[in-house]
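>>> sequence? don't have it. structure:
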């Protein structure tokens, strides 16, 4: 639902003072059974996506096609920025307009529940840029999902800074935006807290320690959010580009999350296209083809990799008692062995997973 909510206390103020405790070609869209919902995470690559990426004017329709045909009930977007496009004020607004005919909408939230809003003076005039690196957003399919009005009457969606989740991390990591919303399926699934997150890609020690700190703190932040919203025990679904993968960072943020009780959707018994990476960067693709190669690199089964699992930096994870992951898919559209360019929208692949709710 998209009704206006009564703001009892600015949520951004509350968030700023919290100190969390540690705690193969795509198939037809998966349709969720009763009590199940399909989630997707998709880094769409910013407006100025690096060469050899096509321009946003070309990619925008491809992004909309991938989302609209995904069958996902909830989509977490990354690198969906506030940068302007030739057709809209922001990239996020452009995507919202493009996927609206397929029934996708964004959660409603008040100005006060957006920590990344641009500052204004007493007369309401803008006085500076957003304090955030805005790159995370959420969409949901209005036919199958609705926004929840929480018992406390606080806004049930918003944007916070990563630094509000893990205080003390480096300034660049802290300034990234996190989109969140309390949603529920119209089939009885949920309610749940949906989170879209995009962590810093820097490979130095400082950025890596910050990513791990976020993984250690996120469960505590979810518990705190549930507490102030009167939603104790509500599960959470994370859709994220974590910029971390097991071979390079075996003890990275993904490990911190699973150690804290988050369930990685990649652990599902039914998995599709796991031999394709979630991102199209690999030395074997050749220089000049990174990000947008003619064909994806396909990982092969070896003694060290008996299942032929590809590297991945994009994740869907669940947190909460009784959640079960049903299936997992790296969404790849191919024509033979090559990418179908009608769907080659980003330097990342969309990732999908179905979760069953208790």
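Sure, I can see it. Values in this document were obtained by computation on a predicted structure and should not be read as measured data. Numbering: from 1, shown residues only.

>>> Give me the phi and psi for residue 112.
Dihedral pair for residue 112: phi -70, psi -20, per degrees, to the nearest 10.

>>> hey, where'd the helices end up in the stretch 51-200 of the chain?
When assigned using DSSP state H, counting those that start in this stretch, the helices of the stretch 51-200 of the chain occupy the ranges 56-68, 91-99, 162-165, 171-174.

>>> okay, now residue 127: neighbour count?
Using other Cβ atoms under 10 Å, the number of residues around residue 127 comes to 9. Bear in mind the C-beta positions are built from the backbone N, C-alpha and C, glycine included.

>>> before we move on, what about residue 125?
8.

>>> ditto for residue 286
11.

>>> before we move on, what about residue 201?
12.

>>> Residue 185 too?
Around residue 185 there are 23 residues (other Cβ under 10 Å).

>>> Contact partners for it?
By Cβ atoms under 8 Å, 6 or more residues apart in numbering, residue 185 lies in contact with 32, 35, 36, 37, 73, 144, 145, 357.

>>> Neighbouring strands - and their directions - for whichever helix or strand the fourth one is part of?
With elements delineated by DSSP states H and E, residue 37 resides in strand 36-43, which encompasses its position. Its sheet considered, strand 36-43 pairs with strand 74-78 (parallel), strand 350-356 (antiparallel) by DSSP bridges.

>>> ok, back up a step: can you say which of the helices of the stretch 51-200 of the chain is packed in most?
Looking across the helices of the stretch 51-200 of the chain with neighbours counted as mean count of other Cβ atoms under 10 Å, the highest average goes to helix 162-165: a mean of 24.

>>> Return the distance of it from the chain's centre.
Centroid separation for helix 162-165 versus its chain: 16 Å, with Cα atoms, centre = their mean, to the nearest Å.

>>> Also stretch 66-73?
Distance of stretch 66-73 from its chain centroid, counting by Cα atoms, centre = their mean, is 14 Å.

>>> Run through who's touching it.
So stretch 66-73 is contacted by 28-32, 37-40, 42, 75, 95, 99, 101-102, 104, 139-141, 144-145, 185, 331, 333, 343, 345, 350, 352 (Cβ under 8 Å, 6+ apart).

>>> Start and end of that stretch, how far apart?
Using Cα to Cα, to the nearest Å, the end-to-end distance of stretch 66-73 comes to 13 Å.

>>> Averaged pLDDT, it. What do you get?
For stretch 66-73, the per-residue pLDDT values average out at 98.

>>> any weak-confidence spans in the protein?
Across the chain, the ranges flagged by pLDDT under 70 are 1-34, 126.

>>> which of the residues in the longest helix seen in it are buried?
Scanning the chain for the helix with the most residues, using DSSP state H, yields helix 205-229. By 16 or more other Cβ atoms under 10 Å, the buried positions in helix 205-229 come out as 207-208, 210-226, 229.

>>> Residue 219 and residue 226: what is the separation?
11 Å (Cβ to Cβ, to the nearest Å).

>>> Now the phi/psi pair for the most far-flung residue of the chain relative to its centre, please.
Computed with Cα atoms, centre = their mean, the residue of the chain farthest from its C-alpha average is residue 123, at 35.2 Å. Main-chain torsions, residue 123, degrees, to the nearest 10: phi -90, psi 0.

>>> what does residue 70 give?
Per degrees, to the nearest 10, the backbone of residue 70 is at phi -70, psi -30.

>>> what about the closest residue in space to residue 173 that isn't next to it in sequence, distance to residue 267?
Counting by Cβ to Cβ, 6 or more residues apart in numbering, residue 173 lies nearest to residue 210, which is 3.9 Å off, once chain neighbours are set aside. Residue 210 is 25 Å from residue 267, where distance means Cβ to Cβ.

>>> same question, residue 318
Distance, residue 318 to residue 267, using Cβ to Cβ: 10 Å.

>>> same deal with residue 95?
Residue 95 is 30 Å from residue 267, by Cβ to Cβ.

>>> again with residue 215
For residue 215, the distance to residue 267 equals 16 Å [Cβ to Cβ].

>>> can you list the contacts of residue 185 in TSV and add distance to residue 305 and neighbour count?
Compiled in TSV, these are given as follows (distance: Cβ to Cβ, whole Å; neighbours: other Cβ atoms under 10 Å):
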residue	distance to residue 305	neighbour count
32	31	23
35	35	15
36	30	20
37	31	29
73	32	28
144	36	19
145	36	28
357	33	22
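
>>> closest to residue 55 among those?
Of all the contacts of residue 185, residue 55 sits closest to residue 73, with 30.4 Å by Cβ to Cβ.

>>> What's the separation between that closest one and residue 278?
From residue 73 across to residue 278, the span is 20 Å (Cβ to Cβ).
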